[in-house]
Structures are given as C-alpha cells and as structure tokens.
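Trainee: Quick check, what structure comes out for this input:
(2 chains)
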Amino acid sequence: MRAHIEELITQALGYLKRDGVIEDDQAVDIQIEPTKDPKHGDYACNVAMMLAKSAGMNPRELAEKILKRLPSSKRVREVQIAGPGFLNFFASGHYLKIVVREILAQGEHYGEAPANSLEPILIEFVSANPTGPLHVGHGRGAAYGASLAAILQAAGHTVEKEYYVNDDGRQMDILAVSVWLRYLELSGERVRFPDNAYQGDYVYEIAREVRSRHGDDMRHTGHEVSESLPADGDQGGDAEAHIDALIARAKELLGETDYQAVFAIALEAMLSDIREDLDEFGVTFDRWYSERSLHESGALDQALATLKEKDWLETRNGAVWFKASELGDDKDRVVIRDNGRSTYFASDVAYLLDKLDRCPGQSLYIFGADHHGYVPRLKAAAQGLGEDPDRLDFQLVQFAVLYRDGKKIQMSTRSGQFVTLRDLREEVGKDAARYFYIMRSHEQHLDFDLDLAKSKASENPVFYIQYAHARIQSIFNKLDEAGQRHNQAIGEAAISQLVAEPEQALLRALGRYPEVIENAAKRRAPHILAHYLYEIAGQFHSWYNHAQFLVEDDDLRNARLNLAQATAHVLRNGLNLIGVSAPESM
RNA sequence: GCCUCGGUAGCUCAGGGGAUAGAGCAGCCGCCUCCUAAGCGGCAGGUCGCAGGUUCGAAUCCUGCCCGGGGCACCA
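Mentor: Here you go, the predicted structure:
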C-alpha cells in the first residue's frame, strides 16, 4: 500500500513539475507513514509541507494542487488535507478485500519480496572463539544475526551466513594446553593448573576424549612439565609469561604431531559443541570459515602484499604496521609482530578481502558492543585494500543481563562462572530465548527477565503471540467438530461485512506486514517485527473477545474465518523469521 | 582523556523531523450459562536527563554539559 501511494504521489508531482508549479530538479524524499490515529486515515504523507517553501506557497495550498493531480485508485477511498498540510489517505473496502485475498493466496510467502530483488549480503555473526561453550552474550548475537538474516532474505536480498572460526592463535593454544594438563591430571600426574588456563568442566571432557584415543601416549611427569617455568600470576609472577612458557613446553615435550593431535581434538570438540548448540537454537550457517585456511591458502600473504603495494605498511621496531591512522583509525595497527607471527587483525584483513571478493553486495558484521573499536580499523583496511568501505556494514549488539527474582545474575568468564546459552535454552526454552533476545533494539542494553520468559500468561509476549495463533487453530478445530467447512470463496465475497472496529483494525494491520519486513530489513532491526507480531496478536485477542466466529450466517462466518486464517498466516510467517514456533494448540 | 550505546510513566521499553508522546508489567475497577478467562475492557500514571540552537514544526537533528553501560594491547 505504501508503495502504491508513493506511486500516486510521484505521478501527481510529475504533472506539477511539468506545469511549473514546483521546480523540475527538486529531489523529493516522499515519506509515507501509517497513521497513529484512524481519524487521519490509514497513511499520511507530508510531501506538501516539505515542498511548500521551495514552491513559494503555503503547505495546504500546495497539498490542494497535489490532491487535484492525484490519479484515482481503487485502493484509495478518499484523500483529505488535514492539519498543517498532511495528505491523509483512506484505504478503500476494495483494498482491505485484496489484503485478505493476497494473504490467503500467498500463504507462507506472504510478505516476501521477489528473491534477488535487492543486493546480496554476506552476514557474519557469532564467530565466538572455539575455546569454550557459548554463553548468553553470544546467544544474543546468534538470535539477532539469524533473525536479521531471515528478514533480509524475505526482503529480497540473497543472504550468506558465515561463522568465522578463530582456529589459530594463542587462545587456541591455551585451550590445547588446558586440555593436556587436565589429561595429565586424569592420568594421575600431579600438575599445577594455571590461573589463565580454561577452568571450565568441559575441559575435562575433552581431556577424557584425548585419553580414550591416545591412552598414556601423551603422558609426561609433572616434574617435566613444570620444571623451571616462570612463576604464575598468583605466585608473584607474570601469568601471561607463565602460560606462554607452558605452551612452549607442551610443544617441546609432545612434539609437533602429538601437540597438533591434542589441539585438533580440542578444536573439533568445541566446534561440534557450538554447532549443535546453535542448531538446537535454530541458528544455522552456510559456511564455517576457518582462520587457518587464510594462512594455508596464501590469502593472508596476498592481502598483506596488496597493502604493501599500496604503501600502507611500514616496519617499525621489528614489527610490521598498517598505517590505519592515516585512514581514519585512532592508531596504527600491527599486522606482523616482532616475533614474526601475524596478528589476529592481519587475518581479519585477509578475511575481509575474501568476503568482498565473494559477495558483490554488502558485507555485514554483527559485533558485540565490546568490539566497536574494530569498526574504524576494518574500514581503514577496506580502504587500504582499495575497496569501498561503504560496502561494510557494522551492527553492534549491546549486552544482555539476566535477571532472576528481580535480581541481576552476576557472571564472570574468567572463573567459568557464567550462564551458557545451553543453560538458558534449557531453562526458558528456545522460543522464549529467541524472542526475548530480539524484542529490544539491538542497540539497547537488554534486561532478560528469566521469570517473565518462563511465564505462561499474557504478560509474556512470546506466550501471548503463540496463544493467538493457537486460538485461531482451535476455532478451525471447533468448526471441524461441528462438521462444517470453511469456504474461502464465500468469505471473500462477504469480506465487506467485516465492519466492526477490531476487524477493520486487524485488516489494516495485516496489510502492513510486507512494509514491516522491508522496514526491519532496511533498519537491520528485527525488534520491529517482534513488536508488530505482538500488536497483531493483541488485535486478534481483542477481536476474539468481541466477536463470535462460528455464527449461523454463512457469509459472515466465512468472512471471519478468512480474516482469522489470514491472521494465522501472518503470525506464522513472522514467527518463522525470528525462529519462534507457531503452535497449533497450547 | 578519546570512541561508542543509552537516559521517555513507579519498572522494562517502543516511537528517532510531523497532528493529542505509546505499550507491557506493577496499582485500582469491571467482564466467562458462549469458539482456549493461558483472554478482554476501563481508570490512573509524563519537565521525553539539563541548557542552548536549527525549523512552519524537535522526544526525534546540531552543540555543550550531567548521569549510567561498554571499549580504547605487538590479547583473542
């Protein structure tokens, strides 16, 4: 409908330009929005107020001229000029009729824009280090990314979803060493477990796996392991130096092959755990992109070579720096350390280049808010590589804080005292978790109320929406029991009998669904869809309490059933995009 | 100090140039011989952090300040 009105106004403005009423080169951003007050019609446009000044007349006068030139449309009953110069559009009965018809005809595809009608988008999200189970912070990024990807797809983008796996680097070495130390412990060796090693119980599980595959092959005495290591943090030394020395010691005692075997078991175990976790959360990826592969394929060297060629690299104090500060970043960034190893950022640059090569459209990054400092350096990298930084889109997801019994749940990753995504799913269920994570703007801190998420009452928005869907199904079940059939054709012919206020409101709201998808996609904001579904559910519940569906009158009954079914379609389609189920009964 | 997100009803949050600023929860008052009351209706509740500015019009945009979250490694 919005697009239709825009078309009408564009035509009218065309005539006015031709007549010289408004300037020809006047670029106008025609804004059409659903009204808040039904007295103002269904959609309002402020274009007359925007153009009044340059046209040299008052807004109402210009609105009058636009109105005269407006082509007639079957979908518009009336257009009024109101207030300071708004053009208020009232939808016709015909329009409301075709809304229901379209929804019933398109079913699960209602609301979708034609595939590939918008540029392709490569979206990368979660990308948590495979050094431990996902926690509730990752959960929000996962829910946001997956919902957004589905919405973008529905809005007409071709979407590729990727998880970037940091399977290289020091954190993975620390995990491998942690596993090996637990393995030694399980083998009966007395070894000290460092402060900075991974403390979680899952490390024992992986260690058991190492033992079952390798037996005592990787066993070394506690003395061999700890002999002349620098002191750990709590021993008055440097915790980082201690663990680095331990990594070196592990490699030395195990040899490259065995060390890599432990490393591989740890990586494999964590990845399959994460993959399974996300899978159960309804979050899937098209590609799990390995950081190591960037080294192995030469992509990393290639990317650095490109930067060097364009003169953005510089050697200083034995390290190689990317001159990011000349491209808008705060400071220069190291790509090759003085010990010869490349940095994490160097891999990022290579991955960035590969993404832009593979996807001709936008590359969309979903970061936790704590990574916002990465934005300028990646934009600088894109520019340094000779790519367009505007092809990068960064969305930052703010933190989620869990509340139970009205109290904040304290978490600390270091000590392993955190709630995992799996714990959360088991406690509140997948549906509630998915909805709660995205019901607030991603730019907003989220207070996640566990008690509310578990509630089976209308105070819980997920429940409220799902209940509306289940109620509709139950109407059709009752119809069945009565031995009656729903006849869509009769309903369609009689749709104009739906004149009650709740019915009219619902009809209009259902017609807005495709615009909601478009909007949520454009603004990268799944919460817009979450709010909309809540609104639809509310309008349905309200209607349900005011009207009887299974009435004697064939016309009226079928008309109401048509609207109920259309409502169910919209609820189902929308819930599906945000990964929430639409139950048949509750 | 710099960067970033936020400050809207008692609480949690929508609205992000337009008309009288909305919803849920909490509070108060009502509604089931009837398709799910796991629901609905009503009442009450506001200095949109503060101060300037731009505009026909500012919760919304700009500047400054105050308050809170987060970030500023040759860590990942």
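Trainee: Please make it C-alpha for all contacts and neighbour counts, starting now.
Mentor: Noted.
Trainee: Low-confidence stretches in the stretch 301-450 of chain A?
Mentor: Along the stretch 301-450 of chain A, segments meeting pLDDT under 70 span A:412-418.
Trainee: So which residues on it come close to RNA strand B?
Mentor: For the stretch 301-450 of chain A, the contact set with RNA strand B under CA under 7 Å from any atom of the strand comprises A:316-319, A:333-334, A:336-339, A:343-345, A:369-373, A:398-399, A:440-447.
Trainee: Which of those residues fall within strands?
Mentor: When DSSP state E is applied, these are split such that A:Arg316, A:Ala319, A:Arg333, A:Val334, A:Ile336, A:Leu446, A:Asp447 fall in strands.
Trainee: And the residue lying closest to the last one once chain neighbours are set aside, how close does it get to A:Ala500?
Mentor: Among residues not flanking A:Asp447 along the chain, A:Val401 sits closest, at 5.1 Å (CA to CA, 6 or more residues apart in numbering). Using CA to CA, to the nearest Å, A:Val401 is found at 43 Å from A:Ala500.
Trainee: One more: A:Ala143?
Mentor: 38 Å.
Trainee: Which of the two has more residues huddled nearby?
Mentor: A:Ala143 (26 against 11; other CA atoms under 10 Å).
Trainee: ok, back up a step: can you say which of the ones in strands among the residues of the stretch 301-450 of chain A next to RNA strand B are buried?
Mentor: Using 16 or more other CA atoms under 10 Å as the burial test, those include A:Ala319, A:Arg333, A:Val334, A:Ile336, A:Leu446 as buried.
Trainee: Could you dump these into CSV and include distance to A:Glu108?
Mentor: CSV is the format used below for those (distance: CA to CA, whole Å):
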residue, distance to A:Glu108
A:Ala319, 56
A:Arg333, 48
A:Val334, 50
A:Ile336, 51
A:Leu446, 31
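Trainee: for chain A, what are the low-confidence residue spans?
Mentor: Those would be A:25-27, A:412-418, if you go by pLDDT under 70 across chain A.
Trainee: Break it down into its domains, please.
Mentor: Following automatic domain parsing, one gets these domains for chain A: A:2-91, A:97-115+A:457-577, A:170-267, A:302-397.
Trainee: Helices along the stretch 301-450 of chain A, start to end?
Mentor: Assigned by DSSP state H, counting those that start in this stretch, the stretch 301-450 of chain A shows helices spanning A:344-358, A:374-384, A:421-428, A:430-438, A:450-454.
Trainee: Of those helices, which stretch is the most buried?
Mentor: helix A:430-438 (a mean of 24; mean count of other CA atoms under 10 Å).
Trainee: Return the angle between stretch directions for that one and helix A:421-428.
Mentor: 110 degrees (axes from the mean of the first three to the mean of the last three CA atoms, to 10 degrees).
Trainee: so what does helix A:430-438 touch, helix or strand wise?
Mentor: Here helix A:430-438 touches helix A:136-154, strand A:446-449, helix A:450-454, helix A:461-481, helix A:526-546, going by 3 or more CA pairs under 8 Å, 6 or more residues apart in numbering; DSSP states H and E.
Trainee: Please render these as CSV that adds distance to A:Glu6 to the earlier fields.
Mentor: Shown next, in CSV, are these (distance: least, CA to CA, whole Å):
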stretch, distance to A:Glu6
helix A:136-154, 22
strand A:446-449, 36
helix A:450-454, 40
helix A:461-481, 32
helix A:526-546, 22
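Trainee: Need the winner for burial among the ones you listed.
Mentor: helix A:136-154 (a mean of 26).
Trainee: residues in contact with A:Tyr289?
Mentor: A:Tyr289 makes contact with A:Glu162, A:Tyr163, A:Tyr164, A:Val165, according to CA atoms under 8 Å, 6 or more residues apart in numbering.
Trainee: The third one contacts A:Trp288, correct?
Mentor: Yes: applying CA atoms under 8 Å as the test, A:Tyr164 and A:Trp288 come out as touching, 6.0 Å apart.
Trainee: Count the neighbours of whichever residue of chain A sits closest to RNA strand B for me.
Mentor: Taking CA to the nearest atom of the strand as the measure, the point where chain A comes nearest RNA strand B is A:Ser458, at 2.3 Å. Close neighbours of A:Ser458, defined as other CA under 10 Å, add up to 13.
Trainee: Who's the closest spatial neighbour of it, skipping the chain neighbours?
Mentor: In space, and not counting its chain neighbours, A:Ser458 is closest to A:Tyr464: 4.8 Å by CA to CA, 6+ apart.
Trainee: which residues touch that neighbour?
Mentor: Shown in contact with A:Tyr464 (CA under 8 Å, 6+ apart): A:Ala457, A:Ser458, A:Tyr534, A:Ala537.
Trainee: does the last one really touch A:Ala468, like I thought?
Mentor: Translated: A:Ala537. Yes: with contact defined as CA under 8 Å, A:Ala537 and A:Ala468 form a contacting pair (5.5 Å).
Trainee: so what sits against both of these two?
Mentor: By CA under 8 Å, 6+ apart, no residue touches both A:Ala537 and A:Ala468.
Trainee: just checking, A:Ile81 is part of a strand?
Mentor: Yes: assessed with DSSP: H, G, I helix; E, B strand; the rest coil, A:Ile81 lies in a strand.
Trainee: what's near enough to touch it?
Mentor: A:Arg60, A:Ala63, A:Glu64, A:Leu87, A:Asn88.
Trainee: got a markdown table for those residues, with distance to RNA strand B, secondary structure and neighbour count too?
Mentor: Output for the contacts of A:Ile81, formatted as a markdown table (distance: CA to the nearest atom of the strand, whole Å; DSSP: H, G, I helix; E, B strand; the rest coil; neighbours: other CA atoms under 10 Å):
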| residue | distance to RNA strand B | secondary structure | neighbour count |
| --- | --- | --- | --- |
| A:Arg60 | 11 | helix | 19 |
| A:Ala63 | 12 | helix | 26 |
| A:Glu64 | 14 | helix | 16 |
| A:Leu87 | 7 | strand | 27 |
| A:Asn88 | 6 | strand | 24 |
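Trainee: I'd like to know which of those is nearest to A:Val28.
Mentor: A:Ala63 (14.6 Å; CA to CA).
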